[in-house]
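A.B. asks: Any chance you could fold what I've pasted below:
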Amino acid sequence: MELTLKRTVQIVALLLLAAAVTQSVYTALYVAVAEVPRQLRWGLEGLIFVLMATFAGSAMVQSGRQHLGWAAIAFASVLNVVQVGIGLTMFGPFFEVAGEVEAMLPVAQSVVAYSFMDYNAAKVLIALAAVDFGMAKLNAGSRALGGLTAAVGAVALISNTLSMAMGRDFMGEMPLAGASGVLATVLLAVCLLTLPSNER
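C.D. replies: The predicted structure follows:
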C-alpha cells in the first residue's frame, strides 16, 4: 500500500488527536472515581501508538524536512506502547501479590514508577516534536499557532523532564506535566494538519 506524504501526515495528526482524547477521557473518569475499563482503554491506546509509530516512521523517510519532529513522534509512540504494555500485563499481577505479601508493595510501586517514567519520556519527545513543528509553522507565517505550539511544547518538555528526574509528584497536586503534554499533542496535530506541503 502506497500512501502520499500528505495522507500519511493527516493520519499521524488524527492518531495524535485520538491519543489526546483517550488520555483526557481516562483522566476525567479517574478524577470522577468512575470505573475505568482498563483493558479496553489501554488496549485501544496501544493500537493507536503502534499505528502512530508506523505512520510517523513512514513520514520521516518520505519527508524532506522536519526529520527531528518525525523521529520524536515515532519514538514517543514506541515508548507509549511499552508503557501501555507494562500497565496491561504487570500492574495486576504485581499488586495482587503485594496484597498478599506486604513486602512486595515497594516492588509493585516501582513498576508503576517505571511506567510513568516511560510516559513522561514519551511526553518529552512529543513536546520536542511540538517545538519543531511549531517553529516550522511560525516560519511559514502562522505566528499565533506556531508560537503557541512551540511555547506549550517547551513547557511540556521542561515539566516532563523534571517529572522523569524528580518523580511524577514533583509539583504536588498540579498536573502540569500531563496537562501540558496533552495540550502539546493537540497543538502538534493541528500544526500537522495545516502545515504547507513545502514545509513538511
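
A.B. asks: what comes up buried for stretch 98-114?
C.D. replies: For stretch 98-114, a neighbour-count test (16 or more other Cβ atoms under 10 Å) marks 98, 108, 111-112 as buried. C-beta: built from backbone N, CA, C; applies to glycine.

A.B. asks: And the spatially most central residue of the chain, how far from F116?
C.D. replies: Most central in the chain under Cα atoms, centre = their mean is K123, positioned 4.7 Å from the mean C-alpha point. Here K123 is placed at a distance of 10 Å from F116 (Cβ to Cβ, to the nearest Å).

A.B. asks: got it, and E96?
C.D. replies: Taken as Cβ to Cβ, the span from E96 to F116 is 20 Å.

A.B. asks: Who has more neighbours out of those two?
C.D. replies: Taking other Cβ atoms under 10 Å, E96 and F116 do not tie; F116 has more neighbours (20 against 12).

A.B. asks: Please identify the helix or strand for the more buried one.
C.D. replies: F116 belongs to helix 105-139 when assigned by DSSP states H and E.

A.B. asks: Quick one: list the elements packing against that helix.
C.D. replies: helix 67-89, helix 91-100, helix 143-166, helix 176-194 (3 or more Cβ pairs under 8 Å, 6 or more residues apart in numbering; DSSP states H and E).

A.B. asks: Tell me how far that helix lies from the chain's centre.
C.D. replies: Distance of helix 105-139 from its chain centroid, counting by Cα atoms, centre = their mean, to the nearest Å, is 6 Å.

A.B. asks: what inclination does it have with respect to helix 176-194?
C.D. replies: Counting by axes from the mean of the first three to the mean of the last three Cα atoms, to 10 degrees, helix 105-139 lies at 40 degrees to helix 176-194.

A.B. asks: Least confident secondary structure element in the protein?
C.D. replies: Taking mean pLDDT, DSSP states H and E as the measure, the chain has helix 91-100 as its least confident helix or strand, at a mean of 84.

A.B. asks: how about low-confidence regions in the chain?
C.D. replies: 1, 29-34, 36, 168-174, 196-200 (pLDDT under 70).

A.B. asks: Go through the buried residues of stretch 98-114 and name the one nearest L188.
C.D. replies: Using Cβ to Cβ, V112 is the member of those that lies nearest L188, at 26.9 Å.
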